[in-house]
Each structure stands twice: as C-alpha cells, then as structure tokens.
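J.: I'll drop the sequence and a predicted model, then ask my questions.
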Amino acid sequence: MTIHDTHPFAGADDPVRRFRGRLGGTVTLWTAGAGAGRAGLTVTSLMVANGETPRVLALLDPDSDLLDAVRDTGRAVVQLLSWADRGLAEMFAGTAPAPGGLFRQAEFVDTAHGPRLASTTTWAGVELEEEREVGWSSLVTCRLVAAEAGEDGDPLGHRRGRWLRLSQEKGNP
C-alpha cells in the first residue's frame, strides 16, 4: 500500500478528475476475504440498481488488494461509513498509515461475505457477477444478496477530495 501525499483531485491539467471530484457521494468501505487474506478499500464511485435481482456497480482500483480478494472469494461487504469513521476511511484509501494493519484499527465482525465493520448500521453483502475494464478502473457488477439499512445519523460524504458531514448538509435531517 502506498500513502499518497498529494490531493486526489488537484491538478488543473485533468478536468475529468476535477469534474468527478465535484460529484461527491456517501463514503463506503468495501471489504472481502478472511484471515490474513482480508482486504478493504474506501469507495465512493458506486451506484445501486434495484430490480428483480438488485445490483451494486462500482469502480475499483484494478491494482487493489480488495479487487484481488473479491476475485478470489466472489464476495464482499459494502458498508456506509459515518463521520466518526473518517480516519478509517483515510487508512483504507491509502492516504494515512494504519499501524499494525488496516483491520486492527476498528472492530470487524466476520460474515459470509467478508469482514463487516462492527459499528456500521447500513451494509450489504454482494456477490461478484461481472468485471470489466472501464477507463483506468475496473467496473464490478455485484448481485446484492443481503442488506441491512439502519440509522444513519451522521453519514460521511466526500466531495472534491474533502470529507463532508452529510448530516449538516442543507436539506438533510
């Protein structure tokens, strides 16, 4: 893992990256694997498509340990992070150190789909259906097979390379 010391949306020479950074979104943590093979990644580039078989589509780093773990197991946990989890989000994004390892920074519960952050109230278990290259990312399409929607009193958002406290955003209760 590399700790990046630059702003992820800096650089006037890349208008596409700057445009994407202005879209913003709720921050999720994707986790997969078990034991020493556990991996995770902070992800904001995702969407949920409801239907007879609901799906989660996400853009993942093709070189990430997470994508390797999802390929190996065919499963993952997608959990929404809260404002209190912003340090954890930095660590799983590779922008802050995680002394002792990523999964020692908080309590995780093992599930059939991978490790789940014990404090999370909203999460989903997904199964990999398809993966393909899109731009510099891997687009994964996953079947959403389990979901829990709890109270999200203080959700964590991300816009233009900064964390947002979505509960304080205009129009949010």
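T.: Arrived safely.
J.: List the buried residues of stretch 100-118.
T.: Leu102, Phe103, Gln105, Ala106, Phe108, His113, Gly114, Pro115, Arg116, Leu117 (16 or more other CB atoms under 10 Å). Where you see a C-beta, it was placed from the backbone N, CA and C, and this is true even at glycine.
J.: Surely the first one and Glu90 touch.
T.: Translated: Leu102. No: Leu102 lies out of contact with Glu90 (CB atoms under 8 Å); the separation is 10.9 Å.
J.: Which secondary structure state is assigned to Asp110?
T.: strand (DSSP: H, G, I helix; E, B strand; the rest coil).
J.: who's in contact with the closest residue to it other than its chain neighbours?
T.: Spatial nearest neighbour of Asp110, excluding adjacent residues (CB to CB, 6 or more residues apart in numbering): Ala34 at 6.6 Å. Contact partners of Ala34, counting by CB atoms under 8 Å, 6 or more residues apart in numbering, are Thr73, Asp110, Gly114, Pro115.
J.: pLDDT value on Ala34, please?
T.: We have a pLDDT of 94 for Ala34.
J.: That one and Ala69: what is the separation?
T.: 9 Å (CB to CB, to the nearest Å).
J.: Now the common contact residues for these two.
T.: Residues touching both Ala34 and Ala69 by CB under 8 Å, 6+ apart: Gly114.
J.: circling back to that earlier point, phi, psi of the residue nearest to Asp110?
T.: Dihedral angles of Ala34 (phi, psi; degrees, to the nearest 10) stand at phi -140, psi 160.
J.: Same check on Gly87?
T.: phi -70, psi -40.
J.: and the closest residue in space to it that isn't next to it in sequence, how many neighbours?
T.: Distances taken as CB to CB, 6+ apart place Ala96 nearest to Gly87, at 6.8 Å, with adjacent residues excluded. Ala96: 15 surrounding residues under other CB atoms under 10 Å.
J.: Just say helix, strand or coil for Ala96.
T.: coil.
J.: So what's the predicted local confidence for it?
T.: 95.
J.: Equivalent analysis for Trp163, please.
T.: Trp163 is assigned 89 on the pLDDT scale.
J.: do Asn172 as well
T.: pLDDT recorded at Asn172 is 45.
J.: can you give me the helices for the chain?
T.: 15-23, 65-73, 86-93 (DSSP state H).
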